[in-house]
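Student: coordinates only, no sequence provided:
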């Protein structure tokens, strides 16, 4: 196989990976701190996509329409996340995880239908922002500028996240919360606002990733349940609650999917779920996480 | 434990009332995707059927009874379509079934029609398994073309590119895609044994991310591509493929047999359309050449009915399905499915693009389609088909 | 009196028999559509009761229970359609197949705690989905496996009064009997010492180990039994819906059966069947008015989670307790 | 006879139990005392198989039970209570004890009979002996704290243990409750011929009923002997009994 081809396949996998990282990082953070698997994360992602489309409709044809719309979408979803956390979710922290899981699933159902009600059931799409519409040639392969942009955004968010978590006071509190909730309580930190903050930030990431995906994917009902399963796989591979784990989990997932198509074309779908199961069996805390 | 009581209560109140008088409308159940990536085709098919129903009812209906269309969103899922078809029969007591879009839905609904002995007219499903000898039954009829016809037309077009030596395929991984590629390959082998198939990609229907498929296919450096992606999948595919230079690498030598030559698809993609590819449509809508007069009227009526600026290239199949059914009922003289099922085979009916005849053997019309290069026209903000050509020239393949 | 409940008038009435007989009259007094709904309720009831052996009895939150339902549906469907195996063999084979798969997957699942358990069950069910979706030659892939033949039920014509019944009615009666037997078996299991051990594991796995229980072995046993009965429910569902499709195995279906279970009340054996009845009935009522059924379902779920944790049966029981309390106070 | 030989366990470098050896004779009542974090609970968890030791051995009547699974150790004749009450909160008191009988006597695999019909008399008798007969039908989770502790004892006794390990059996109880509980324990241990090993903070209790006392400090055994010996041991007095 030609190296340029392998490179192209790798870059394709890496783009997929960085999109998934944007989505999965929020899911992973919420799991790490709150020990909740948030099924609604996919719905937040979908809402981000719809809101971005809506924003573009409003702001069209201004050149910066896409960027403003993406910001609008991310902030809108973050706001929604905050409301959900304050009004409902905080009442479930002491309850069994079954109830927390089901609550997030109720959100999936409600938000899915709300999106259908507001934006219909058809397929919507958003064009790439003009600055990133073209592509550049790397090693004899055409790489879309927009994808390169995403490949830069992913690691940038990873680095920023790492910096905040490891080098700031807020990050210390978050890490403390994910290590030992009781200890944090004892330290007198306001766990409630940390949780709200985490949930809002996680929703922001979901909304942002939903907005950023619109130039290369169509917006359709059902994109929420499709993406959430993929995000789960990524988070499981990397280790639930581990930020870097999620990053590398995304990279692995993207490459397995990308090269899996070459090796066993019919079964790449199967291979990622099998990978998830195997990791849960041999290392439930993921490749980069630590046992809880 | 009140399980049985509520059931009993429910039964006792008798939610369903049986139709009594002859003035009752003739009910046609119509499961069709109205959400998800294929809704972009499903909606206009339904509109076409609704137009036919309103025209027929305006003329007094069939056998003095009005037609009533009961449409349901099948979500392009086989299981959902089956569930809806059974519910339409059992709960709504429909007289006939029509509709479904994909070749996952139609064969599944066909089994329901067979079991309940209810005539089912599939307007769009092309997969040969719908009416092949193993699956044919007295109640299934198909208005659309089939994958053999489509594959032959596609291979004919690919064969015209004399310098093409290698071809790759990409198709959704389900009945239609598989049958379509198989038919294309079989026809191409006869027409151009020198052409090699160098790559086959099988994304799933509704695939959200085609990147890996695109790069994998580009790696094989085909001269041309035969594609069976359609509706939302083709939109997603194109948006990822164009910036990767996919169409440039094959010099736009793609033939897509899955009706991406319709105005619907062209409008969905707008300026992102990969101009220069060849595709098909049952109805090119915008004829650059000689337009049949019936067609002109049909398009005007359709535009008025849907209040849309441009008509859809998909509505015609829904329209044809209802007219075929109405003709069949008229011929049978009653609405009993058994009699209508006997009236339809061999029956010829008029459509805005010429006459169609249900084969007596396989209950289908082998309809040719219009094919042509999709080009930019100054008058339209989307791609239109240049000089539509009816292919394959000889339609009777069985 | 300790442990044994007092025999009151209400408890002497054979409620289950009455419910069973009432359900059996549906084909005669109801329409074809009523039988259709009743079949769905009965099959869902078995599926939900099998899930509740894990959820309510053993305290295992499985988010992939639909995998075993799906395996049962495919095993029965493939045997009956592709290999023309008669129903009397295909039906138990479905339970067995599902049990075997539950044994293999459960062996790994029960090693994990709580959320990880839920995730691994989800992963296994998605593996089943991916196989069902992609293995065209066997499962029919995306088109599914339509046209599974009905079991041979002509013998029913010999029974007086059964001659006029449609095939769907006959299949409903067969389903009703099979489901009743399965639920009875699950009832016996739940009330047995084995069932009691499962409840100790639900309440406190650490303590359960220290009364001498091999907790994982018991959890695995419960997983296998629940899987087997889910498989039987799946086999019936495949026949009832005239085909088996990959979407039956998608993860969101697992969520639906969980909702069904807690809607009825997972703390009560009869909760899940009540939940199945309520959900199918609600679905039928609500979809007549609006296409936004998932929205309504989500809203129901919110009410259940925040105001009505005990589900319907829990609510009824609490109502009775309150009434009795009021009566006792008035008498005093 | 319960023997612990050179048992060791460290968590991520922190030595919780560092080479403890201890022998409790058959029918002896022994206490392990020590400040919080001395390693008492870890020691118990090592003995009962809840934690795998890094080294050392646990012998029950000369039989090596080191590292066996908790349910096996329970079946070999070691019963225990936990520091935080550990009962089956949603079952009735009766069912709690009955479940322990079922499990211990190998009836747990019976899936066809009605569980209610098993061991009714034994359960009633045991509840009477621990003074919980009045609460038999109550849901365990609704009991008072003291009663829950009693119930935990009942569950442990249903396994018919030779050796009973009690982790702070009187924690959180009033002075009266504590006295009653310890009397109950002494009586039951005598009736059943139990070997008893317990941890306790209340020194008065320890010195009145224990025949042997072991003092743990920072994971190490500081001293062991009769109550009288411990009282006079200067090292024990210094680090633990708070005298300088």
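Tutor: Alright, I've got the coordinates. None of the values given here were measured: they were computed from a predicted structure.

Student: quick one, helices of the chain?
Tutor: With no chain named, the answer covers chain A. Taking DSSP state H as the criterion, chain A carries its helices at A:3-34, A:41-59, A:65-87, A:97-119, A:145-167, A:169-179, A:181-187, A:191-213, A:223-238, A:243-263, A:268-282.

Student: I was after chain D.
Tutor: Counting by DSSP H, the helices of chain D are D:40-47, D:70-75, D:93-104, D:120-129, D:145-158, D:175-192, D:203-209, D:227-232, D:234-239.

Student: one step back: closest one to residue B:25 among the helices of chain A?
Tutor: Residue B:25 lies closest, by C-beta to C-beta, to one member of these: helix A:97-119, at 29.3 Å. (Each C-beta comes from the backbone N, C-alpha and C, glycine too.)

Student: what is the closest one packed up against?
Tutor: Using 3 or more C-beta pairs under 8 Å, 6 or more residues apart in numbering or on different chains; DSSP states H and E, the elements in contact with helix A:97-119 are helix A:41-59, helix A:223-238, helix C:114-134, helix C:251-264, helix C:293-307.

Student: switch to 6 Å and redo it
Tutor: Contacts defined by 3 or more C-beta pairs under 6 Å, 6 or more residues apart in numbering or on different chains; DSSP states H and E place helix A:97-119 against helix A:41-59, helix C:293-307.

Student: tell me the confidence at residue 190?
Tutor: Let's take chain A. The model reports residue A:190 with a pLDDT of 71.

Student: please go with chain C instead
Tutor: Reading off the model, residue C:190 has pLDDT 94.

Student: and among the helices and strands packed on helix A:97-119, the most buried is which?
Tutor: Comparing the helices and strands packed on helix A:97-119 by mean neighbour count (mean count of other C-beta atoms under 10 Å in any protein chain shown), helix A:41-59 ranks first with a mean of 25.

Student: and that one, is it in reach of chain B?
Tutor: No. Judged by C-beta under 6 Å from any C-beta of the partner chain, helix A:41-59 stays clear of chain B, getting no closer than 11.0 Å.

Student: and that helix with chain C, contact?
Tutor: No. On the criterion C-beta under 6 Å from any C-beta, helix A:41-59 is out of touch with chain C, staying 10.4 Å away.

Student: looking only at pLDDT, what's the mean for that helix?
Tutor: 93.

Student: elements contacting that helix?
Tutor: Looks like helix A:41-59 contacts helix A:65-87, helix A:97-119, helix A:191-213, helix A:223-238 (3+ C-beta pairs under 6 Å, 6+ apart).

Student: which residues does that helix contact?
Tutor: With contact meaning C-beta atoms under 6 Å, 6 or more residues apart in numbering or on different chains, helix A:41-59 is reached by A:23, A:27, A:65, A:68-70, A:72-73, A:76-77, A:107-108, A:111, A:115, A:119, A:124, A:126, A:203, A:206-207, A:209-211, A:214, A:219, A:223-224, A:227-228.

Student: tell me where the model's unsure across chain D.
Tutor: D:239-244 (pLDDT under 70).

Student: domain ranges for it, per the record?
Tutor: If you go by automatic domain parsing, the domain ranges for chain D are D:1-77+D:162-244, D:87-160.

Student: on that earlier part again, which of the contacts of helix A:41-59 count as buried?
Tutor: Among the contacts of helix A:41-59, those scoring as buried are A:23, A:27, A:65, A:69-70, A:72-73, A:76-77, A:107-108, A:111, A:115, A:119, A:124, A:126, A:203, A:206-207, A:209-211, A:214, A:219, A:223-224, A:227-228 (criterion: 16 or more other C-beta atoms under 10 Å in any protein chain shown).

Student: thinking again about what came up before, which among the helices of chain A is found nearest to residue B:386?
Tutor: Per C-beta to C-beta, nearest to residue B:386 of those: helix A:145-167, 30.5 Å.

Student: show me how far that closest one is from its chain's centre.
Tutor: Remark: helix A:145-167 is offset 13 Å from the chain centroid, using C-alpha atoms, centre = their mean, to the nearest Å.

Student: stretch D:35-47 now?
Tutor: Distance, stretch centre to chain centre, for stretch D:35-47: 12 Å (C-alpha atoms, centre = their mean).

Student: show me which residues of that stretch are buried.
Tutor: For stretch D:35-47, burial by neighbour count (16+ other C-beta under 10 Å) applies to D:38-47.

Student: same question, stretch D:53-70
Tutor: Buried residues in stretch D:53-70, counting neighbours by 16+ other C-beta under 10 Å, are found at D:53, D:56, D:58, D:60, D:65-66, D:68, D:70.

Student: and if you look at stretch A:59-68?
Tutor: A:59, A:65-66.

Student: likewise stretch A:196-204?
Tutor: By neighbour count on 16+ other C-beta under 10 Å, the buried set for stretch A:196-204 is A:196-204.

Student: now distance to chain B too, for the domains of chain D, in JSON lines please.
Tutor: Converted to JSON lines, these look like this (distance: least, C-beta to the nearest C-beta, whole Å):
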{"stretch": "domain D:1-77+D:162-244", "distance to chain B": "37"}
{"stretch": "domain D:87-160", "distance to chain B": "19"}
